[in-house]
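Trainee: below is the structure, and that's it, no one-letter string:
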């Protein structure tokens with residue numbers, strides 16, 4: 001009995017010694033046992049700020065401001081881009097620990113193109129700091145490594161298609177909200193639409209008490225002697241919610257040349273606080289590579305020159321819903337009764 005007791009004690013001591021050795025023999029292996037595999041932020045509502053830095057020197061700071069996020073304290077962030085990023089941050093899980101043979105290559109690759117991510121709470125305290133690397137050979141996992149660790153991990157977002165890295169790897173304007181107009185009807189005080197080549201279609205709409213006033217935009221265009229169609233006007237104002245451009249084109253080299261042409265329309269929206277958002281829409285055509293002539297007379301896109309200082313590309317199928325004509329906001333003429 002005494003012999004069995006001594007054997008059991010020796011086994012326990014040996015097991016304890018082995019565990020201690022595995023935990024302390026080197027820092028790289030220690031990190032695989034706990035804190036450095038927990039990339040997921042457990043309390044997403046506490047996330048206040050996300051700082052992202054690339055090896056190229058480009059940095060982005062996303063910060064929660066009221067009911068939206070901002071980019072670098074200047075612009076409203078793209079809700080879709082932020083939502084995709086938050087989904088990754090709050091759902092990322094360890095897939096597996098890579099074999100030792102591949103660790104050095106992963107660390108080298110992350111040193112060359114890793115993306116640093118710092119996540120802060122509402123007290124401006126760091127919640128997580130880690131680096132995002134490339135993908136595995138089968139493109140089903142992504143290399144992550146926690147700051148202070150020497151052991152990279154392979155992570156995934158369960159049931160998510162596509163690479164995790166792309167959600168962190170946006171550049172410049174890609175983080176920004178692409179809405180040219182984003183107003184609820186009750187926020188709008190006035191709308192003006194000018195059609196330089198169709199002056200009789202141009203108009204100015206303004207809220208007056210509980211109703212609206214609609215008049216020609218140009219003083220030399222005689223007004224139509226018809227009442228305002230309140231239901232049509234309300235429907236028109238509802239079209240200005242989340243009207244988005246296809247892309248930013250701030251680097252377009254021929255902006256000044258385009259501005260010399262006549263725009264199709266100039267749209268101005270003023271909210272109840274007196275803030276104006278204005279954009280001029282210039283048609284852009286698909287040109288034949290050999291002749292330089294238009295392949296089709298149909299306008300599919302516009303360059304939008306926005307008073308935020310941005311130059312954007314807008315699709316006609318998205319913006320045609322706001323290109324109303326003066327008479328569309330008025331009740332039809334009463335029919336004349338024949339005697």
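Mentor: Thanks, I have the structure now. Computed from a prediction, not measured in an experiment: that's the story for all the values here.

Trainee: what segments of the stretch 1-150 of the chain are helices?
Mentor: Ranges of helices within the stretch 1-150 of the chain are 2-24, 27-30, 79-89, 100-113, based on DSSP state H, counting those that start in this stretch.

Trainee: ok, the stretch 201-339 of the chain next?
Mentor: Going by DSSP H, counting those that start in this stretch, the stretch 201-339 of the chain shows helices at 230-237, 255-259, 316-319.

Trainee: hmm, residue 109 is touching residue 143, no?
Mentor: Yes - the pair residue 109 / residue 143 is scored as a contact, 7.1 Å apart, by CB atoms under 8 Å. Every residue, glycine included, has its C-beta placed from N, CA and C.

Trainee: quick check: neighbours shared by these two?
Mentor: With contacts defined as CB atoms under 8 Å, 6 or more residues apart in numbering, the residues adjacent to both residue 109 and residue 143 are 133-134.

Trainee: so between the two, which is more surrounded?
Mentor: Taking neighbours as other CB atoms under 10 Å, residue 109 and residue 143 compare with residue 143 leading, 24 against 14.

Trainee: which ones are touching the more buried one?
Mentor: Here residue 143 is in contact with 98, 106, 109-110, 132-136, 152-155 (CB under 8 Å, 6+ apart).

Trainee: from residue 197, how far out is the nearest residue to residue 88 once chain neighbours are set aside?
Mentor: Spatial nearest neighbour of residue 88, excluding adjacent residues (CB to CB, 6 or more residues apart in numbering): residue 167 at 4.6 Å. In this view, residue 167 and residue 197 are 44 Å apart by CB to CB, to the nearest Å.

Trainee: give me the more crowded residue out of these two.
Mentor: Set residue 167 next to residue 197 and count neighbours by other CB under 10 Å: residue 167 wins out with 22 against 10.

Trainee: hmm, who's touching the helix or strand containing that one?
Mentor: Assessed by DSSP states H and E, residue 167 sits inside helix 165-168. For helix 165-168, contacts defined as CB under 8 Å, 6+ apart pick out 52, 84-85, 87-88, 115, 117, 132-135, 142.

Trainee: these, buried ones only, as a ChimeraX selection?
Mentor: Listed next is the ChimeraX selection for buried residues among those, using 16 or more other CB atoms under 10 Å:
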select :52,84,85,88,115,117,132,133,134,142
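
Trainee: can I get the contacts of helix 165-168 in TSV including pLDDT and distance to residue 189?
Mentor: Compiled in TSV, the contacts of helix 165-168 are given as follows (pLDDT from 0 to 100; distance: CB to CB, whole Å):
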residue	pLDDT	distance to residue 189
52	97	38
84	95	34
85	96	35
87	95	37
88	96	40
115	96	43
117	98	41
132	96	45
133	95	50
134	92	50
135	90	50
142	94	48
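
Trainee: hang on, the earlier thing: mean pLDDT, mean neighbour count and distance to residue 284 added to the helices of the stretch 201-339 of the chain, as CSV?
Mentor: CSV is the format used below for the helices of the stretch 201-339 of the chain (pLDDT from 0 to 100; neighbours: other CB atoms under 10 Å; distance: least, CB to CB, whole Å):
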stretch, mean pLDDT, mean neighbour count, distance to residue 284
helix 230-237, 96, 16, 25
helix 255-259, 95, 12, 8
helix 316-319, 96, 16, 10
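
Trainee: let me have those in TSV, extended by distance to residue 282.
Mentor: Shown next, in TSV, are those (distance: least, CB to CB, whole Å):
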stretch	distance to residue 282
helix 230-237	23
helix 255-259	5
helix 316-319	12
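
Trainee: among these, which is nearest residue 330?
Mentor: For the helices of the stretch 201-339 of the chain, proximity to residue 330 was assessed by CB to CB; helix 230-237 is nearest, at 8.0 Å.
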